[in-house]
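Enquirer: this is a predicted model, with the sequence first.
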Amino acid sequence: MIERYSRKELKDIWSEENKYKIWLEVEIAAAEAMEKFKIIPKGISSIVKKKGKIKVKRIHDIEAKVKHDVIAFLTSITEQAGIKARYLHQGMTSSDVLDTSFNIQLMQSGKIILKDIDKILIVLKRQAKKYKMTPCIGRSHGIHAEPITFGLKLASFYEEFKRNKKRLKDAIENISTCAISGAVGTFANISPKIEVYVAKKLKLRPEPISTQIIPRDRHAHYFTTLGIISGSIERVATEIRHLFNPAALE
C-alpha cells in the first residue's frame, strides 16, 4: 500500500506479516481437519501452532532461491516446527491458501470500511436535520436553478451512503468463501470434508464450485462496490468545494 495514503488499520491488514499469519491459520485449520479425519497423525497442528512463527525476511530469502512463495513459506515454518510440519498442505494447491487468505483480508478491510460508513451516516443524518430549512441554490446542468435547502442536499448524500452500506455488506458476504479443493478444484487429493471444516473454523462458506481458484466475479463485485463508494465520496467532496465561497473568509 502507498505509505503516504495508508491508514494504520488497513495497512496492518495488508502487511506481509498479516498475510503470512493468515496463511498459517489456513494451514493449521486444514491440518486440524486432516487429524480429525485420520489423514495425518494427531498433534501436527498443535506443534505448528506452538512453534511456527512468521519470519518475513526468512520467507523472502527462501523465495529468492526457490522462486515459489508458498514453498518458501512452508519451508520457513518447517524449519521452526520440525520435520512433522511436512504434513502441512497435504493434498492442497497453492491457491487454496492464497485465495482463502485473500478473501479473509478483504473481509477484514470491508468491516473497517463498514464502520466508517456508519460514522458518515450519523453525521449526514444529524446535519441534514440541522440544516433542513437552510436555503441553498439548486442546480440544473451544473448551473444555478430553483432554490432548495442544504438539508435536502445532505439527505441525498445520506440515502446514497445507505445504499453503499448495503452494497458493501453484500460484497463482504459474497467474498466470504473458502476453497480447499486441491489442484484444479477436483478434490482428487483432498476430501471436501477438509474444506467444510476449514470454512467453519475461519467463519467462511465453502466455495460451491471452484477450479484452481475462487471465481473472480466475487472479487469484481467487491472492488466494483469500492469504486461506487469512492464515487460517492467524490460527489460529496466536489459539492462541498462548489459550495465554498472564498469571499466569505475576507
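Expert: Sure thing, it's come through.

Enquirer: what's the helix or strand harbouring Ile122 packed up against?
Expert: Following DSSP states H and E, one finds Ile122 within helix 94-130. Taking 3 or more Cβ pairs under 8 Å, 6 or more residues apart in numbering; DSSP states H and E as the contact definition, the neighbouring helices and strands of helix 94-130 are helix 8-13, helix 16-36, helix 69-81, helix 150-175, strand 177-178, helix 217-243. In this view, the C-beta of every residue, glycine as well, is placed from N, C-alpha and C.

Enquirer: the fourth one: which residues count as buried?
Expert: Think helix 150-175. Of the residues in helix 150-175, those buried by neighbour count under the rule 16 or more other Cβ atoms under 10 Å are 150-151, 153-158, 160-161, 164-165, 167-168, 171-172, 174-175.

Enquirer: kindly report the same for the second one.
Expert: Judged by neighbour count using 16+ other Cβ under 10 Å, the buried positions of helix 16-36 are 18-20, 22-35.

Enquirer: who are the packing partners of it?
Expert: helix 44-51, helix 56-66, helix 69-81, helix 94-130, helix 192-201.

Enquirer: what does the first one give?
Expert: Secondary structure elements in contact with helix 8-13, counted by 3+ Cβ pairs under 8 Å, 6+ apart, are helix 94-130.

Enquirer: average pLDDT across the helix it packs on?
Expert: For helix 94-130, the mean per-residue pLDDT is 98.

Enquirer: with stretch 21-38 instead?
Expert: Confidence for stretch 21-38, expressed as mean pLDDT, is 98.

Enquirer: so what touches that stretch?
Expert: When contacts are defined by Cβ atoms under 8 Å, 6 or more residues apart in numbering, stretch 21-38 is touched by residues 40-45, 48-49, 52, 54, 70, 73-74, 77, 87-90, 92, 96-98, 100-101, 104-105, 180, 191, 193-194, 197-198, 201-202.

Enquirer: distance of the closest residue to Leu10 other than its chain neighbours from Lys165?
Expert: On the basis of Cβ to Cβ, 6 or more residues apart in numbering, the spatially nearest residue to Leu10 that is not a chain neighbour turns out to be Ser109, at 5.8 Å. In this structure, Ser109 and Lys165 are 15 Å apart, going by Cβ to Cβ, to the nearest Å.

Enquirer: kind regards, and thank you for your time.
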